[in-house]
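A.B. asks: Test case, fold it:
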Amino acid sequence: MKDFRNRVAAITGAGSGMGRSLAIQLAHAGCHVALSDRNEAGLAQTLAEVQRAAPDIHATTHVVDVADRAAVYAWADTVAREHGRVNLIFNNAGVALSSTVEGMRYDDLEWIIGINFWGVVYGTKAFLPHLKASGEGHIVNTSSVFGLFAQPGMGAYNASKYAVRGFTESLRQELDLMDCGVSATTVHPGGIKTNIARDSRVSSSVNGLLVRDEQQGREEFEKFFITSADKAARVILDAVRANKRRVLVGPDAYAADAMARLLPAAYQSLVVRETRRKRRQFVQGDASASAPGGERA
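C.D. replies: Below is the predicted model of the structure:
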C-alpha cells in the first residue's frame with residue numbers, strides 16, 4: 001500500500017499519543033479514519049484535530065475497550081458499514097505494568113494481557129475479513145522494544161509484547177502464503193512521549209529492588225521517552241508503505257535490538273549489573289539525605 005488516499009484506517013488507542021498522531025497524519029494523506037479509545041474526551045480531541053487538519057476526511061469515533069472481544073467485533077462491523085470498507089487496522093492501544101513476577105497480582109496480569117495481547121488478537125481477527133474483502137489491506141500491530149529485550153520488573157509487559165511479536169510474525173507469513181492482498185507489520189517502539197507511564201500500574205514489589213518508590217519508578221520510566229509520537233507515526237506509516245515486516249522506532253529500539261542480537265543471553269547480566277548500580281545510587285542518596293545536616297527531598 002504505497003498511497004493512503006481514499007483508503008479507510010481503523011485505529012485503537014486513538015485518544016492520545018501515537019494513535020492520535022497516526023490519525024492526523026493519515027488524514028493529511030487523504031485517508032478516512034475510524035477512531036477508538038476508552039477515553040471519550042481524548043477521542044473528541046483527536047477528532048477535532050483530524051477535522052481541522054483535513055475537513056474533507058470522513059472520520060468516526062467509538063468508545064471501545066479492546067479487551068472486550070464482542071465490543072471489538074461490533075466496532076469492526078460498524079466501521080465497515082459506516083465507511084463502506086476497511087483497508088488498515090492499527091492495533092495500537094496499550095498499557096504498562098511494573099511489578100516483580102513474585103509480587104504480581106493475577107488481576108493486574110490479566111488486565112495487561114487483556115489489553116496488550118488479546119486486544120491485538122481481537123482487532124486482527126475482527127478486521128481481517130473486512131481487509132480481505134477490500135482487496136487491499138494492512139494490519140499494523142504494536143509490540144515494543146520490550147518485545148525484543150527483557151528487563152526486570154517488566155515481566156508482564158514483556159510477556160504481552162513478546163506475544164504480539166510472535167503472533168504478528170506468524171500472521172505475516174500466513175498472509176504471504178495466502179496471497180490475499182493483505183499484509184502485516186510488527187512495530188517495536190522505544191520510549192515514545194505518550195501518557196503510558198502516567199496511566200501505568202506500579203506494584204510496591206519493585207520498591208527497594210528496582211526503584212525507591214512508585215513516583216521515582218514513573219520518573220525513571222519517563223526518562224526513556226525520547227521520541228515524539230509524531231516522529232513515531234511517520235516511521236510507522238513509511239514502514240507500511242514499504243511493506244516492512246518489522247519496524248523499529250527510535251534509537252533506543254535499535255540499540256536494544258542490536259544488544260539482543262549480539263548478546264542474546266549475556267545482555268541479561270548487563271541489565272542486572274546496571275540495575276544494581278542504579279539501586280546503589282538511590283540508596284546512597286537516601287542515606288545522605290537522612291544523615292545529620294542532610295535534607296530529604
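
A.B. asks: Could I get the full set of strands for the stretch 101-250 of the chain?
C.D. replies: For the stretch 101-250 of the chain, strands defined by DSSP state E, counting those that start in this stretch occupy the ranges 137-142, 182-189, 201-202, 246-249.

A.B. asks: Helices along the chain, start to end?
C.D. replies: Along the chain, the segments classed as helices by DSSP state H run 17-28, 40-53, 69-83, 106-113, 119-134, 155-178, 214-223, 229-241, 251-262, 267-290.

A.B. asks: okay if I get the ones you listed as JSON lines plus mean pLDDT, distance to Leu148 and mean neighbour count?
C.D. replies: C-beta coordinates here come from the backbone N, C-alpha and C atoms, glycine included. Putting those into JSON lines (pLDDT from 0 to 100; distance: least, Cβ to Cβ, whole Å; neighbours: other Cβ atoms under 10 Å) gives the following:
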{"stretch": "helix 17-28", "mean pLDDT": "97", "distance to Leu148": "18", "mean neighbour count": "25"}
{"stretch": "helix 40-53", "mean pLDDT": "97", "distance to Leu148": "28", "mean neighbour count": "16"}
{"stretch": "helix 69-83", "mean pLDDT": "98", "distance to Leu148": "26", "mean neighbour count": "18"}
{"stretch": "helix 106-113", "mean pLDDT": "97", "distance to Leu148": "18", "mean neighbour count": "15"}
{"stretch": "helix 119-134", "mean pLDDT": "98", "distance to Leu148": "16", "mean neighbour count": "22"}
{"stretch": "helix 155-178", "mean pLDDT": "98", "distance to Leu148": "7", "mean neighbour count": "18"}
{"stretch": "helix 214-223", "mean pLDDT": "62", "distance to Leu148": "18", "mean neighbour count": "15"}
{"stretch": "helix 229-241", "mean pLDDT": "97", "distance to Leu148": "16", "mean neighbour count": "19"}
{"stretch": "helix 251-262", "mean pLDDT": "94", "distance to Leu148": "5", "mean neighbour count": "16"}
{"stretch": "helix 267-290", "mean pLDDT": "76", "distance to Leu148": "10", "mean neighbour count": "12"}
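
A.B. asks: Out of these, which gets nearest to Arg201?
C.D. replies: Comparison of the helices of the chain against Arg201 by Cβ to Cβ identifies helix 106-113 as nearest, at 5.7 Å.

A.B. asks: quick one, that closest one and helix 119-134 angle?
C.D. replies: 30 degrees (axes from the mean of the first three to the mean of the last three Cα atoms, to 10 degrees).

A.B. asks: From Ile115, how far off is Leu263?
C.D. replies: 31 Å (Cβ to Cβ, to the nearest Å).

A.B. asks: Neighbour count: these two, which is higher?
C.D. replies: Ile115 (20 against 12; other Cβ atoms under 10 Å).

A.B. asks: show me the contacts for that one.
C.D. replies: Going by Cβ atoms under 8 Å, 6 or more residues apart in numbering, Ile115 touches Val66, Ala67, Ala93, Gly94, Val95, Ser160.

A.B. asks: separation between it and Ile57?
C.D. replies: 28 Å.

A.B. asks: Gly153 and Ser98 touch, don't they?
C.D. replies: Yes - assessed by Cβ atoms under 8 Å, Gly153 is found in contact with Ser98 at 5.2 Å.

A.B. asks: shared neighbours, those two?
C.D. replies: What both Gly153 and Ser98 touch, as defined by Cβ under 8 Å, 6+ apart, is the set Val206, Leu210.

A.B. asks: Arg20: what's it in contact with?
C.D. replies: Counted by Cβ under 8 Å, 6+ apart, Arg20 has contacts Ala14, Gly42, Gln45, Thr46, Glu49, Ala229.

A.B. asks: Find me the pLDDT at Arg198, would you?
C.D. replies: Note for Arg198: predicted pLDDT of 66.

A.B. asks: Quick check: Leu26 touching Ala9?
C.D. replies: Yes - counting by Cβ under 8 Å, Ala9 is a contact partner of Leu26 at 5.2 Å.

A.B. asks: hey, what's in contact with both of these two?
C.D. replies: Going by Cβ under 8 Å, 6+ apart, residues that sit against Leu26 and also against Ala9 are Val33.

A.B. asks: coming back round to it: so Gly153 and Ser98 - more neighbours on which side?
C.D. replies: Per other Cβ under 10 Å, whichever of Gly153 and Ser98 has more neighbours is Ser98, with 27 against 24.

A.B. asks: ok, the nearest residue to the more buried one once chain neighbours are set aside to Thr275 distance?
C.D. replies: Using Cβ to Cβ, 6 or more residues apart in numbering and skipping residues adjacent in sequence, the residue nearest Ser98 is Val202, 4.7 Å away. Distance check for Val202 against Thr275: by Cβ to Cβ, it reads 16 Å.
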